[in-house]
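**Student:** here's a sequence, model it:
(chains A and B)
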There are 2 protein chains.
Amino acid sequence: MFYIIGLGLSDEQDITLRGLQAVKGSTRVYLEAYTSILMIDKERLEAFYEKPVIIADRDMVETQSDEILHNAITEDVSLLVVGDPFGATTHTDIVLRARALNIPVRVIHNASIMNAMGACGLQLYNFGQTVSLVFFTETWKPDSFYDRVKENVQLGMHTLLLLDIKVKEQSEENMARGRKIYEPPRYMSIPTAVSQLIETEESRGEDILNPDTTLAIALSRVGGGAENERIVAGTLRELLNHPANAYGQPLHSLILVGKRLHHLEVDYAEAFAINRESWRNVAKNVYKCALDD
Amino acid sequence: MFYIIGLGLSDEQDITLRGLQAVKGSTRVYLEAYTSILMIDKERLEAFYEKPVIIADRDMVETQSDEILHNAITEDVSLLVVGDPFGATTHTDIVLRARALNIPVRVIHNASIMNAMGACGLQLYNFGQTVSLVFFTETWKPDSFYDRVKENVQLGMHTLLLLDIKVKEQSEENMARGRKIYEPPRYMSIPTAVSQLIETEESRGEDILNPDTTLAIALSRVGGGAENERIVAGTLRELLNHPANAYGQPLHSLILVGKRLHHLEVDYAEAFAINRESWRNVAKNVYKCALDD
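**Tutor:** As a prediction, the model looks like this:
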């Protein structure tokens, strides 16, 4: 059996009992490195599982999956992924490959940002499509995400923005010389994400986002408890000017609040507001939310 | 501490290690009955946790939450919910009440249908808003869901439909006599859901759904393994005519496939198709999906 096991969002305690049992019974355990590199320490997992864990980078999962799937028809093999196996990063290819090899597959689900984001108080059923935001460079500022955001905004839906991660980047010099030396991983911070949104609004000029009247909520390590989880709410400008370290450890996500905002959502998320007064004011006067005050 | 703990979607093995630890340390453990009544047996949970589990119906969670929260400022109390605490049924009210009482709250996340639905092969980021479908009666056929579906369909997004559950219903006679005798719980089956969709399309006539050219995927017990999980794909008419018992045990959910369908989504979900040929034909000729064949 080939198991793909979601680890949840915080640490080794977030695996399910079913997931842990599959790990314990597996002859080989792989850890998908793409997102986990920023969150879970391989050595810590090995100590916890009492068995070796093999790092599988994106390349290995996508193009060398036969190595992972080797013998999985007679033995149990596990692939661990942060969040849920069908979250932001999907694992369609390796499942299709396993099917082609007649290897039985079992997915063990867990929380991912796509549902745990409900922790901010916004209702999941009011979210439209999810949008990815990639790092801008001096010469490359792809803005197709703006059209997706626009579709959600025009319907009044909330939007989850998944922020870019760069792993296994090579410097130009190392690439030119064919040296497999990689830069440290980078992840997009909340202020960077917000400044890219504002820059795109300025260049597109369709009045979809407004620094002072668009509300947003930043998330990090949802479910990780008081010591880890950070949820910060405010206008785009408030989030932009908030100290970057107040957003906690990566990975970060950003939610744009849609106009079909309900007063209970405002009340709930107020606890996370940088400035409670402006949070309520914008909700009431711009979003036209029926608040008591 | 007041813990709200997601149980995941299948059985007692789907709780996380963090969740189980919180249950073990709690002086009182409540089980929210609303959705769990159809899935998890209280006695089985009690045997597994080695402690009593108190059933909390919807009323108790929503209006008598102080009883649940009693002493939670000095002791640990857990409320167990099927799926994730912020899934289809949210627990905003009880958290706001706990905050007002200065009781610390910790949410322990898990998979819910809102993310585990990725198991059908459709990409989560291509889903629009989630829509609830309630039981029609002879005299009451609320169709506002159709406008929500239309918004998603027009953008080409997939739509998750959450199907109605009726618990603690009283017969007219018992209600008239004030007898607290309740009917057995009812849940909406896939054929019922599909027939309501077709009926609404016929009355609204806006050509949003078509029995023969709208693709849909039915889900039940996602993550429950081969013995429990059921995923069935087809046109609305194929799903309507498929035997009801082929859809497995409740709860059921239904996904309407949007036009921004990707060929990998078609390939993946084909394994669940009632009729593979018509699945691919509609994807290719109606959805204009670029398939190899």
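
**Student:** which residue packs closest to A:Gly83, ignoring adjacent ones?
**Tutor:** Using C-beta to C-beta, 6 or more residues apart in numbering or on different chains and skipping the chain neighbours, the partner closest in space to A:Gly83 is A:Ser112 (3.5 Å). Placement of C-beta: from N, CA and C, glycine included.

**Student:** is it true that the one you found touches A:Gly6?
**Tutor:** Yes - assessed by C-beta atoms under 8 Å, A:Ser112 is found in contact with A:Gly6 at 7.0 Å.

**Student:** any common contacting residues for these two?
**Tutor:** A:Gly83, A:Asp84, A:Gly87, B:Ala111 (C-beta atoms under 8 Å, 6 or more residues apart in numbering or on different chains).

**Student:** quick one, what contacts the spatially closest residue to the last one that is not a sequence neighbour?
**Tutor:** If I follow you right, that is B:Ala111. Nearest non-adjacent residue to B:Ala111, counting by C-beta to C-beta, 6+ apart: A:His109, 3.5 Å away. Under the criterion of C-beta under 8 Å, 6+ apart, the contact list for A:His109 reads A:6, A:16, A:84-86, B:8-9, B:14, B:111, B:115-116, B:119, B:222-223.

**Student:** out of the residues you listed, who's the most crowded?
**Tutor:** Neighbour counts for those, by other C-beta atoms under 10 Å in any protein chain shown, peak at B:Ala111, which reaches 38 neighbours.

**Student:** residue contacts, it?
**Tutor:** With contacts defined as C-beta under 8 Å, 6+ apart, B:Ala111 is in contact with A:6, A:84, A:109-112, A:115, B:6, B:8-9, B:14, B:83-84, B:222-223.

**Student:** and which of those is nearest A:Thr213?
**Tutor:** Checking the contacts of B:Ala111 against A:Thr213 with C-beta to C-beta, the nearest one is A:Asn115 at 28.2 Å.

**Student:** dump the residue contacts of the nearest residue to A:Ser278 once chain neighbours are set aside.
**Tutor:** The spatial neighbour of A:Ser278 that comes closest, neighbours along the chain excluded (C-beta to C-beta, 6+ apart), is A:Thr235 at 6.4 Å. Applying C-beta under 8 Å, 6+ apart, we find A:Thr235 in contact with A:Pro211, A:Asp212, A:Thr213, A:Thr214, A:Leu215, A:Ala216, A:Ser278, A:Val282.

**Student:** so how far is B:Trp279 from the third one?
**Tutor:** Spelled out, it's A:Thr213. Counting by C-beta to C-beta, to the nearest Å, the separation of A:Thr213 from B:Trp279 is 45 Å.

**Student:** the two: who's more crowded?
**Tutor:** The neighbour comparison of A:Thr213 against B:Trp279 (other C-beta under 10 Å) goes to B:Trp279, with 22 against 14.

**Student:** since we're on the closest residue to the more buried one other than its chain neighbours, how many residues are nearby?
**Tutor:** Nearest residue to B:Trp279, sequence neighbours excluded (C-beta to C-beta, 6+ apart): B:Ala273, at 3.8 Å. The number of residues packed near B:Ala273 is 21, by other C-beta under 10 Å.

**Student:** hang on, isn't B:Ala273 packed against B:Leu239?
**Tutor:** No - using C-beta under 8 Å, B:Ala273 is not in contact with B:Leu239, being 10.6 Å away.

**Student:** re earlier: specify which member of the contacts of B:Ala111 is nearest to A:His70.
**Tutor:** Comparing the contacts of B:Ala111 against A:His70 with C-beta to C-beta places A:Gly6 closest, at 22.5 Å.

**Student:** dump the residue contacts of that closest one.
**Tutor:** Contacts for A:Gly6 (C-beta under 8 Å, 6+ apart) come out as A:16, A:19, A:81-85, A:87, A:107-112, B:111.

**Student:** just give me the least confident of these.
**Tutor:** In terms of pLDDT, A:Gly87 ranks lowest among the contacts of A:Gly6, with 75.

**Student:** residue of the stretch 151-293 of chain A with the smallest distance to chain B?
**Tutor:** A:Gly223 (4.3 Å; C-beta to the nearest C-beta).

**Student:** can you pull the pLDDT of that residue?
**Tutor:** For A:Gly223, pLDDT reads 82.

**Student:** one more: A:Glu46?
**Tutor:** On the pLDDT scale, A:Glu46 gets 95.

**Student:** separation between it and chain B?
**Tutor:** Counting by C-beta to the nearest C-beta, to the nearest Å, the gap from A:Glu46 to chain B is 16 Å.

**Student:** output the below-cut-off pLDDT ranges for the stretch 1-150 of chain A.
**Tutor:** For the stretch 1-150 of chain A, the stretches flagged by pLDDT under 70 are A:35-38, A:88-90.

**Student:** what about the strands in it?
**Tutor:** Remark: strands assigned in the stretch 1-150 of chain A by DSSP state E, counting those that start in this stretch are A:2-6, A:28-32, A:54-56, A:77-81, A:105-108, A:131-133.

**Student:** what angle do strand A:2-6 and the fourth one make with each other?
**Tutor:** In this structure, strand A:77-81 runs at an angle of 20 degrees to strand A:2-6, with axes from the mean of the first three to the mean of the last three C-alpha atoms, to 10 degrees as the basis.

**Student:** no further queries at this time; thank you.
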